[in-house]
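# what's the 3D shape of this:
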Amino acid sequence: MEPVHNIAQVMQALRRQMAANLERLGQSGKLTGKAGPLSGTPSQRVQPTVQQAMARRIRSIAPDDPGFFEKATLVFVESVLLAEFGEKLLNDPAFRDLAAQVQSAMISNTEIREDLRRLTVQIHKG
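Residues are numbered from 1 along each chain as shown. This is a model prediction of the structure:
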């Protein structure tokens, strides 16, 4: 399998979707936590320890699990959200809904879905 070279594109699409969802949730009053300022590129913000934790979580999912792709992409989305906006989002009651909405939006885009599919398989194989 060829490596995913356009991970930056996937991360950028995720970042745009996250920002739109955070703004919408903030306006509706559903998101109570405040996101910290963003600095650096998306790949710089996802620190190696975050990448390692994400990889461990994805590798813990059985590859023959019928829900592997959905579970792995949710782990990816949650990991990037937390790296982008801080661990305090874990305590926000709207976090899980936000992650699920971002995941759904990304999976609904054919190109992003295929990039995510290759990425999750690549991460799982190590």
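
# Show the subsequent helix or strand relative to the helix or strand of the chain with the lowest mean pLDDT.
Among the helices and strands of the chain, helix 42-45 carries the lowest confidence by mean pLDDT, DSSP states H and E, at a mean of 46. Remark: after helix 42-45, the chain's next helix or strand is helix 48-59, criterion DSSP states H and E.

# who does that following helix touch, helix- and strand-wise?
Judged by 3 or more C-beta pairs under 8 Å, 6 or more residues apart in numbering; DSSP states H and E, helix 48-59 is in contact with helix 68-85, helix 110-125. Quick note: C-beta positions are derived from backbone N, CA and C, even for glycine.

# Could you save the ones you listed as a markdown table and add columns showing mean neighbour count and mean pLDDT?
Below are the helices and strands packed on helix 48-59 laid out as a markdown table (neighbours: other C-beta atoms under 10 Å; pLDDT from 0 to 100):
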| stretch | mean neighbour count | mean pLDDT |
| --- | --- | --- |
| helix 68-85 | 21 | 90 |
| helix 110-125 | 16 | 88 |
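
# Of all those, which one comes closest to Asn91?
Relative to Asn91, the nearest member of those by C-beta to C-beta is helix 68-85, separated by 11.3 Å.

# and the helix or strand harbouring Asp97 with helix 110-125, angle?
According to DSSP H and E, Asp97 maps onto helix 95-108. Angle, helix 95-108 to helix 110-125, by axes from the mean of the first three to the mean of the last three C-alpha atoms, to 10 degrees: 110 degrees.

# List the buried residues for helix 95-108?
Neighbour counts over helix 95-108 (16 or more other C-beta atoms under 10 Å) mark Phe95, Leu98, Ala99, Gln101, Val102, Gln103, Ala105, Met106, Ile107 as buried.

# ok, these vs Thr73, which is closest?
Comparing those against Thr73 with C-beta to C-beta places Gln103 closest, at 5.4 Å.

# what's near enough to touch the closest residue to the closest one other than its chain neighbours?
Leaving aside its sequence neighbours, Gln103 sits nearest to Val77 (C-beta to C-beta, 6 or more residues apart in numbering; 4.7 Å). Going by C-beta atoms under 8 Å, 6 or more residues apart in numbering, Val77 touches Leu14, Ala99, Val102, Gln103, Met106.
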